[in-house]
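**Q** Build me a structure from this.
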Amino acid sequence: MSPRTRVRWTYAFVDRPAEHFERARGFWTAVTQTTASPPRGDGGEFVTLLPEGADACVKVQGVGDGVGGAHLDLCVRDVEGFVGAALDAGARTVTAHDGWAVLRSPAGQLFCAVPWHGESARPPVVAGSRLDQVAIDIPPSAYEAEVAFWSGLLPDWTSRPGSLPEFHVVAPPPGLPVRILLQRLDDERSVSAHLDLACGPDIDVVRARHERLGARFVAGHPHWTVLRDPAGGVYCLTGRDAETGGLPRDQGTRASVDTHATSVKPSGGPIGVGHPE
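**A** Okay, the predicted model is just below:
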C-alpha cells in the first residue's frame, strides 16, 4: 500500500434510526463531552462530535432503514486508490460519491473511504473512558475471510488473534483514534457492528454516569458491561485501558479479559456483543 492510500485517520459512526437521531446526538455528545456540529446532509442526518482542543473522531448518523449500529470511516489521501485496493481485497462498492465511497466488506459490513483533512490530534480520555473501538460481529461462515480482508486492507495496522479463536484485533498505528475488533458469532446471522468504550477499572463508575445520561443496563460480565443508549443502540463498556486501548496495565494475562462473549437483542434484531481486548 502506498503512502497515499494509507489510512491517516478514523471515525467511528454512531448509526441510529432517523426517528431517534436527536436522542442519539444528545446522549453521545454528553458521553464524550463534545459539541455537536451543525447538521448536514440532505435531511440533516449527520453531525460530527467536536472535542475541545483535539480533532473529532466520532460522528452520529440518522439512518432510514433498520436499527442502525456502527461503522468506520477510513480517511486517506487517495480515495480512488484506496477504494481500488479494497475492491481487490474483496470489498464491494455500495455507492460511489464525488470524492468518497460507501463499501461493504466480504461479510457485508458497511464502511466508507473518505478524504483525509489533516486530522492528527486524538481526543483525550473523558470522565474515565474513551470511545475507541468498532466491534464487528461476524457469522462463522464469513469470519476467516473477514479477518483476512481487514488484515490485508490495513497492512500497517497490527493484526493479531485474541486469546480465544473467536476474537481478532486489528489495531492502528499510534495516534489513530479507533481500532477494530472482529468477533465470530456462535450462529449464522447477518453481520452487525457496535461501539465499545475503554474504561479501565472504572466500569461501574462509567456505567453510573451513562445511566444518569439516559442509558439502560442490558447485561453485566466480569470485564465488560452491555448498555443500551436512549436511541435504542447497544454498546459496551470494557475493562481495557482507556489511555492505550489495550489490556489493563496490571493485567498479567489476556485470558480473564477475553474469555467471555454474549449475545443480546436490541429492538428490531440481534447483535452479538462480547469483549476480549
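**Q** Would you mark the buried spots in stretch 82-91?
**A** Neighbour-count burial for stretch 82-91 flags 82-83, 85-86, 89-91 (criterion: 16 or more other Cβ atoms under 10 Å). (Glycine included, C-beta is placed from N, CA and C.)
**Q** And the furthest pair within the residues you listed?
**A** Maximum pairwise distance among the buried residues of stretch 82-91 (Cβ to Cβ): 14.1 Å, between Phe82 and Gly90.
**Q** Redo the buried residues of stretch 82-91 as JSON lines? Include pLDDT and secondary structure.
**A** Conversion of those to JSON lines gives the following (pLDDT from 0 to 100; DSSP: H, G, I helix; E, B strand; the rest coil):
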{"residue": "Phe82", "pLDDT": "98", "secondary structure": "helix"}
{"residue": "Val83", "pLDDT": "98", "secondary structure": "helix"}
{"residue": "Ala85", "pLDDT": "97", "secondary structure": "helix"}
{"residue": "Ala86", "pLDDT": "98", "secondary structure": "helix"}
{"residue": "Ala89", "pLDDT": "97", "secondary structure": "helix"}
{"residue": "Gly90", "pLDDT": "98", "secondary structure": "coil"}
{"residue": "Ala91", "pLDDT": "98", "secondary structure": "coil"}
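**Q** any chance of those in a markdown table, with distance to Ala121 too?
**A** Putting the buried residues of stretch 82-91 into a markdown table (distance: Cβ to Cβ, whole Å) gives the following:
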| residue | distance to Ala121 |
| --- | --- |
| Phe82 | 22 |
| Val83 | 27 |
| Ala85 | 27 |
| Ala86 | 27 |
| Ala89 | 30 |
| Gly90 | 33 |
| Ala91 | 29 |
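**Q** So which residue is dead centre in the chain?
**A** For the chain, the residue nearest the mean C-alpha position is Val134 (1.9 Å; Cα atoms, centre = their mean).
**Q** So for that one, what's the pLDDT?
**A** Looking at Val134, its pLDDT reads 98.
**Q** Surely it and Leu74 touch.
**A** No. With contact defined as Cβ atoms under 8 Å, Val134 does not reach Leu74; the gap is 10.9 Å.
**Q** How much space separates the residue nearest to the centre of the chain from Phe111?
**A** When Cβ to Cβ, to the nearest Å is applied, the distance between Val134 and Phe111 equals 9 Å.
**Q** what secondary structure does the closest residue in space to Ser2 that isn't next to it in sequence sit in?
**A** Setting aside the residues directly before and after it, Ser2 is nearest to Gly81 in space (Cβ to Cβ, 6 or more residues apart in numbering), at 6.8 Å. For Gly81, the assignment made with DSSP: H, G, I helix; E, B strand; the rest coil gives helix.
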